[in-house]
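In: my questions are about this predicted structure, shown below with the sequence.
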Amino acid sequence: MAKTERKSSKPAKAEPKLLSGGNPQIAKGYGDAPVQAYIAAMPGWKREIGQRLDALIERAVPGVHKPVKWNSPFYGVESEGWFLNIHCFTKYIKVAFFRGQLLDPVPPVASKSRDTRYFHIHEDDAFDEAQFSAWVKQASQLPGERM
């Protein structure tokens, strides 16, 4: 009788599911690994932009703290709270600056929240990395959101 091969008892790692609008479904977690998993799961052109945004944030705020909460990466300063998050939509990436109303200049898209302002990036948009980095530095120095 021939030996049968044993199949691994470990399930194959499934690709993250894309939620409505193409936002990756990533389990809640703290640290760089879940944020990198989110970025790797961003569909199409959004992945490269996600990598650029993450690198710009890390350069602007050395030692930035990261989790994935509510299927979105958050960025913050230890014991100061979260200053921004990123979320994929069908046609754009939304960057939320939680104290964006206090940034100079104020990011262009209004929110229902009094303090929050958004910056949207569409597929063919060229965005000003220097301005984005300036917003990130300013935002990191303001009191963060506790969530």
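Out: On my side now, so go ahead.
In: show me the shaky parts of this protein.
Out: 1-15 (pLDDT under 70).
In: which stretches in it count as strands?
Out: For the chain, the strands defined by DSSP state E cover 29-30, 67-69, 72-77, 81-88, 92-97, 109-110, 117-122.
In: give me the angle between the third one and strand 92-97.
Out: This points to strand 72-77. Angle of strand 72-77 versus strand 92-97, following axes from the mean of the first three to the mean of the last three C-alpha atoms, to 10 degrees, is 30 degrees.
In: and strand 72-77, what does it pack against?
Out: helix 32-41, strand 67-69, strand 81-88, helix 129-140 (3 or more C-beta pairs under 8 Å, 6 or more residues apart in numbering; DSSP states H and E). Yep, even glycine has a C-beta here, placed from its N, CA and C like the rest.
In: now it: how far from the chain's centre is it?
Out: Centroid separation for strand 72-77 versus its chain: 7 Å, with C-alpha atoms, centre = their mean, to the nearest Å.
In: do the same with the last one
Out: When distances are taken as C-alpha atoms, centre = their mean, strand 117-122 is centred 12 Å away from the chain's centroid.
In: do the same with stretch 71-79
Out: On C-alpha atoms, centre = their mean, the centre of stretch 71-79 falls 9 Å from that of its chain.
In: likewise stretch 25-35?
Out: 10 Å.
In: list the contacts for residue 61?
Out: Residues counted as contacts of residue 61 (C-beta atoms under 8 Å, 6 or more residues apart in numbering) are 75, 77, 136, 137, 140.
In: ugh, wrong one, I meant residue 102
Out: 115, 138, 142.
In: if I look at it, how far off is residue 139?
Out: Residue 102 is 8 Å from residue 139, where distance means C-beta to C-beta, to the nearest Å.
In: buried ones among the contacts of residue 102?
Out: With burial judged by 16 or more other C-beta atoms under 10 Å, the buried subset of the contacts of residue 102 is 138, 142.
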